[in-house]
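*Asks:* Give me the fold of what follows.
(chains A and B)
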Protein chains: 2
Amino acid sequence: MPTRKELCIPQRTIMTPGPTEAEPRVLRAMGAPIIGQFDPAFTGIMNETMQMLRELFQTENRWAYPIDGTSRAGIEAVLASVIEPGDSVLVPIYGRFGYLLTEIAERYGADVHTIECEWGTVFRPDEIISEMKKISPKIVAMVHGETSTGRIHPLKEIGEACRAQDALFIVDAVATIGGCAVKTDEWKIDAVIGGTQKCLSVPSGMAPITYNDRTAAVIAARKKVERGIATAADGKMLSGHRPITSNYFDLSQLEDYWSERRLNHHTEATAMLYALREGVRLVLEEGLEERFRRHRRHEKALMAGLAAMGLDLFGDPEAKLPVVTCVKIPPEADGESIRRMLLSQFGIEIASSFGPLQGKIWRIGTMGYSCRKENVLFVLAGLEAVLIRHGVAVKAGEALQAALNIYDLPAETGVLS
Amino acid sequence: MPTRKELCIPQRTIMTPGPTEAEPRVLRAMGAPIIGQFDPAFTGIMNETMQMLRELFQTENRWAYPIDGTSRAGIEAVLASVIEPGDSVLVPIYGRFGYLLTEIAERYGADVHTIECEWGTVFRPDEIISEMKKISPKIVAMVHGETSTGRIHPLKEIGEACRAQDALFIVDAVATIGGCAVKTDEWKIDAVIGGTQKCLSVPSGMAPITYNDRTAAVIAARKKVERGIATAADGKMLSGHRPITSNYFDLSQLEDYWSERRLNHHTEATAMLYALREGVRLVLEEGLEERFRRHRRHEKALMAGLAAMGLDLFGDPEAKLPVVTCVKIPPEADGESIRRMLLSQFGIEIASSFGPLQGKIWRIGTMGYSCRKENVLFVLAGLEAVLIRHGVAVKAGEALQAALNIYDLPAETGVLS
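*Replies:* Numbers count the residues shown, from 1 in each chain, chains lettered A, B, ... in the order given. So this is what the prediction gives:
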C-alpha cells in the first residue's frame, strides 16, 4: 500500500463567485471537538444558529435552519418538499441557475413554465407578473443573484404579486446572502435558500434555508414520520396529498429534528454547523448594512481598476450583482490561457462562465472574506501583468491607481453607497 | 442585535455509536485554506481520495467517492439512483436502520418486501436466500452493522446468492467501515455506503460510497444531464427507463463530476473533503487489519469490565458488532437518569436505543478515535460510580481491574483476535 503524505493545500487568492476564501475564525471553529447531537451543549448551538439565521434572512419566520448538503441540496429540499406532481411552477430564467430550478422542479413532477430574457439583463417586474396572471402558478421560483451572468433581480414587486395571487414565492439567494440585502419578510418571500461558500465565507457543505407559515402549511399536509421512530400520535397524511419523495430532504421530518421534539433524522454535520454558526455570527457582528457597504466599496474599486486598464464590463449596469463583476474577454485574448497563468504564476483564481457566455467573459467575485482591499489590488495587478504577457493591449499602471483612488474616498460618500 | 460570544465547545468523552470523537489531525486538516473546485490542486485531492476509498472498501471498483451529506444522504443517493418505480426490493430487517432502507426505497416507488427477525439476533443466510428465491427481487438491501441492536450481519453468502440470481446487493456499512472488515469485492456487494462519523472519526457530513459496473449500468440507463450544461453528445435516455428523481443524488451526474469530464454539479464540500481525505489516509496508515484488531482489543476490555461490574450484555454474542456493546439496563435503574449524570458529572456520553429497546439497553461505542484505552477505562469508572450513586448494586472496583487484565495480554493472543 503506498505511503501517502499529509494533506498540503496551496495558498490561493480566490476571486471567483465561490467557493470563496473562508474566514480564518470560521476555519478555526471547525477544529473544535465533536459533541453528540443530543448533547444539550449541541442543541443549544442548533437553537442559537436558528436565531442568527433569522437575523441574517431578515425574517420573523419560525423555520430557519441548514440543510446538510451543498447549496443545491437546500434548493432541492425546498422544492422537493413543496412540489407535488402536476403543480404549476413558473421560473423566470436570466442565467444558468434558473435552469437548475427548472431541472429540479421537473424531476419532482412539476408542470414547469419558463420565461427567459437575454443573459446579462433581468426582467421588468411586469413581464413576470403578466405571465403569472396567465398561468396562475402554485409556485414562482427564481434566482436572486445570478452568478453566471453577474445580475441581481429586484424581488419586492414579484413577492407582492405572488401574495396577491396566493402563489408561493421561492428564492435562490445562494449568491447574495451575507453580501447583499435579502429582505425575506419585507419582500414577501415564502422560502429562501442561502449558500455558505459565497458571501458567508464558510466552506461549502451546508445550505441555510428559511420559510414561512404559508410554506410550512404545504409541507405539513404531506408529513409522514418514518417507521422505527413514528409514534401513534403521528397519524396519517392528509388525504389528497402525496408524501415527499425524498427522505433526506423531507422538511417535515427536519422540523421535528430542529425543534423541541428532537426526533432523530440524520446526524447533524457537527463541524459544518460550528462553521456556519461562527460564519453567521461574524456577519451579524460586522452588521448587515456595514457588510453590504463593504462589498460595494470593493466592487467599486475593482470596477474602477478594470475600466482604467481598458477592459469592458459585461451586462446591464442597472442590474449588476455587487458581488460578481463580469468582464468581457478582449477578442484577441485566450481567456482560459490567461486564467491558467493567473493561477500558476500568481495563485489567483478568477472564473470563466457557462453556456452562451463561455469564452466570452471572466467573472470576478468580491465575496465575503475574499472581498478585501489586498485581494482587489492583487487581482488587478495580476490580471494586468498576465494580459501584457499575452500581448493584449492594456493601459499599464492605471488600474491600481484607479482602485486606490476609490479606497482614498471616505467610505460614506455617495459613490460607495 | 445581541452580542454573541465565540463558539465554545465542551470537551466530552464520546462513547456512543456516533458521532464519535474526531481524529485531531482530521480536525486540523479542516482548517486548511479553501481552494477552488476545479483548481488542479483540488481535483488532485479528489482523485487521491477516490483511490484511498477503493482501498478502504477493499474494491477494484472504478466508482468510489463521497456524497456531500450525512450517511443517510449516501444511502438515499444509491437507492434513488438505482430504484425505478415498481422495482422489487427485499430488505431483511434486524434493527432500526433496516426500516430506514425500506422507508427510502418505498418513497422512490419500490415494491418493498421485508423479513424481520428479533432485535438482538441476525438471520441465518438461508432464511434470506429462500425469501430471495420466492420473490426474485431486483435489489437486496441490508445493513452490515446495526448500531440500534449492536449486531453485525455476515454478508458473503447473501452476496453470492444475489450474484447467482442477478439481484443487486446494496449494503449500508455506515457503522462498520473503518472499524470492521468490509470486503466489497470478495463478498460480491454491488454498492456499499459508508459513514464518516463513526469508525472513520471524521465529522458527520459526508458519505463515501462505492459501486461496481453492474450498478453503474443500471444508473447509466437513466442518465440525464441537466440543462444549461448538457451538450449534444449527452443524447437521450434509454427507452423504458425513468430519469432519477433527485438531481442532488443523481449518481450519473456525480460520475461526470468525479471523473475527467469534471462537469459542474454541486460545489464540492471543501473542508469536509480535506477531512475525509485525511481520515481515510490515517486509517490506511494504521493498516486495515491492525485497525480492526485494535477495535476488538478495546471491545474485549470494555466487555470484561462490564461483566466484572455485574452487568449483562444484550443480544446474540455470535453476531455481536465489535464496535458497539449493548448493555442491559438493570431493572431497578433509571437508564436516562444515569446517562444524564454520566454526561453532567463526567462529560461522558453513552447512548440509549430506539423502538422496542428504548429504556432497556445502553449502547456503548468503541469506534475510531474514541476507541482508546483511556476512554474505555474512563467510561467503566464513570458508569460504576454513577450506578453506585443511583443505588444500583454493582461489584465495586472490579471493572477497571478486569479491563486492565485484558490490556496486559499481548495483543496477538487468541483472546483478542
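*Asks:* where exactly do the strands run in chain A?
*Replies:* A:13-14, A:63-67, A:88-93, A:111-116, A:139-143, A:145-146, A:151-152, A:168-173, A:191-194, A:207-211, A:324-328, A:348-349, A:361-365 (DSSP state E).
*Asks:* These: which one's closest to chain B?
*Replies:* strand A:348-349 (4.7 Å; CB to the nearest CB). Bear in mind the C-beta positions are built from the backbone N, C-alpha and C, glycine included.
*Asks:* packing partners for that closest one?
*Replies:* Judged by 3 or more CB pairs under 8 Å, 6 or more residues apart in numbering or on different chains; DSSP states H and E, strand A:348-349 is in contact with strand A:13-14, helix A:335-346, helix A:373-389.
*Asks:* Does anything pack onto the longest one? Which helices or strands?
*Replies:* Counting by 3+ CB pairs under 8 Å, 6+ apart, the packing neighbours recorded for helix A:373-389 are strand A:13-14, helix A:288-309, helix A:335-346, strand A:348-349, helix A:398-408.
*Asks:* Model confidence for the most centrally placed residue in chain A, exactly?
*Replies:* With distances taken as CA atoms, centre = their mean, chain A has A:V174 as the residue nearest its mean C-alpha position (1.3 Å). pLDDT, the model's per-residue confidence, is 98 for A:V174.
*Asks:* can you tell me which residues contact the residue nearest to it when sequence neighbours are not counted?
*Replies:* In this structure, A:V174 finds its nearest non-sequential neighbour in A:G195, 3.4 Å apart by CB to CB, 6 or more residues apart in numbering or on different chains. The neighbourhood of A:G195, defined by CB atoms under 8 Å, 6 or more residues apart in numbering or on different chains, consists of A:G18, A:T70, A:S71, A:G74, A:A173, A:V174, A:A175, A:I177, A:S204, A:A207.
*Asks:* now do 10 Å
*Replies:* Each residue near A:G195 by CB atoms under 10 Å, 6 or more residues apart in numbering or on different chains is listed here: A:18-19, A:70-72, A:74-75, A:145, A:147, A:172-178, A:202, A:204, A:206-208, A:367, B:267.
*Asks:* With A:R54 instead?
*Replies:* A:E60, A:N61, A:R62, A:W63, A:A64, A:Y65, A:T184, A:D185, A:T210.
*Asks:* of these, buried ones?
*Replies:* A:N61, A:W63, A:A64, A:Y65, A:T184, A:T210 (16 or more other CB atoms under 10 Å in any protein chain shown).
*Asks:* I'd like the distance between the residue nearest to A:V174 and A:V89.
*Replies:* For A:G195, the distance to A:V89 (CB to CB, to the nearest Å) stands at 21 Å.
*Asks:* And A:K223, by the same measure?
*Replies:* 21 Å.
*Asks:* ok, how many other residues are close to A:E106?
*Replies:* The number of residues packed near A:E106 is 20, by other CB atoms under 10 Å in any protein chain shown.
*Asks:* For chain B, see how far away it is.
*Replies:* Taking CB to the nearest CB, to the nearest Å as the measure, A:E106 falls 9 Å from chain B.
*Asks:* In this structure that residue contacts A:V112, no?
*Replies:* Yes: with contact defined as CB atoms under 10 Å, A:E106 reaches A:V112; the gap is 5.3 Å.
*Asks:* Please enumerate the shared neighbours of these two.
*Replies:* A:I83, A:V89, A:V91.
*Asks:* what's the closest of these to B:M272?
*Replies:* A:I83 (28.3 Å; CB to CB).
*Asks:* That closest one: what's it in contact with?
*Replies:* By CB under 10 Å, 6+ apart, A:I83 lies in contact with A:89, A:104-112, A:138-139, A:141, A:168, A:170, A:218, A:244-245.
*Asks:* In PyMOL, how would I select just the buried ones from the residues you listed?
*Replies:* Applying 16+ other CB under 10 Å to the contacts of A:I83, the buried members can be selected in PyMOL as follows:
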select buried, chain A and resi 89+104+105+106+107+108+109+110+111+112+138+139+141+168+170+218+244+245
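*Asks:* And the pLDDT for A:G240?
*Replies:* In this prediction A:G240 is given a pLDDT of 76.
*Asks:* What residues does the stretch 301-417 of chain A have near chain B?
*Replies:* Within the stretch 301-417 of chain A, the positions lying close to chain B (CB under 10 Å from any CB of the partner chain) are A:R340, A:L343, A:S344, A:G347, A:E349, A:I350, A:A351, A:S352, A:F354, A:G355, A:Y369, A:S370.
*Asks:* burial measure for the residue lying closest to A:A29 once chain neighbours are set aside, as a count.
*Replies:* What sits nearest to A:A29 in space, not counting adjacent residues and going by CB to CB, 6+ apart, is A:E278, at 4.1 Å. By other CB under 10 Å, 24 other residues sit near A:E278.
*Asks:* A:E278 reaches A:V202, doesn't it?
*Replies:* Yes: in this structure, A:E278 is within contact of A:V202 by CB under 10 Å, at 7.8 Å.
*Asks:* Mind listing the shared neighbours of these two?
*Replies:* Contacts common to A:E278 and A:V202, judged by CB under 10 Å, 6+ apart, are A:E23, A:V26, A:L27, A:A29, A:M30.
*Asks:* Tell me the spacing between the closest residue to the third one other than its chain neighbours and B:S352.
*Replies:* Think A:L27. Leaving aside its chain neighbours, A:L27 sits nearest to B:G31 (4.4 Å; criterion: CB to CB, 6+ apart). Applying CB to CB, one obtains 33 Å for the distance of B:G31 from B:S352.
*Asks:* Check A:A175 too.
*Replies:* In terms of CB to CB, A:A175 sits 42 Å off from B:S352.
*Asks:* ok, how many other residues are close to A:R28?
*Replies:* Neighbours of A:R28 (other CB under 10 Å): 17.
*Asks:* Local confidence estimate at the closest residue to it other than its chain neighbours?
*Replies:* Spatial nearest neighbour of A:R28, excluding adjacent residues (CB to CB, 6+ apart): B:G31 at 6.2 Å. Confidence at B:G31, expressed as pLDDT, is 96.
*Asks:* wait, B:G31 sits on A:M30?
*Replies:* Yes: here B:G31 reaches A:M30: they are 6.4 Å apart, a contact under CB under 10 Å.
*Asks:* dump the residue contacts of the residue nearest to the centre of chain A.
*Replies:* Contacts of A:V174 (CB under 10 Å, 6+ apart): A:17-18, A:70-72, A:74-75, A:97, A:100, A:143-145, A:147, A:192-199, A:207-208, B:267.
*Asks:* Grab the nearest non-local neighbour of A:S252.
*Replies:* Per CB to CB, 6+ apart, closest to A:S252 is A:K223, 3.9 Å.
*Asks:* can you pull the contacts of the closest residue to chain B within the stretch 101-250 of chain A?
*Replies:* As assessed by CB to the nearest CB, chain B sits closest to A:G205 within the stretch 101-250 of chain A, at 3.2 Å. A:G205 is in contact with A:19, A:66, A:68-71, A:73, A:196-197, A:269, A:271-272, A:275-276, B:68-69, B:205-206, B:266-273, counting by CB under 10 Å, 6+ apart.
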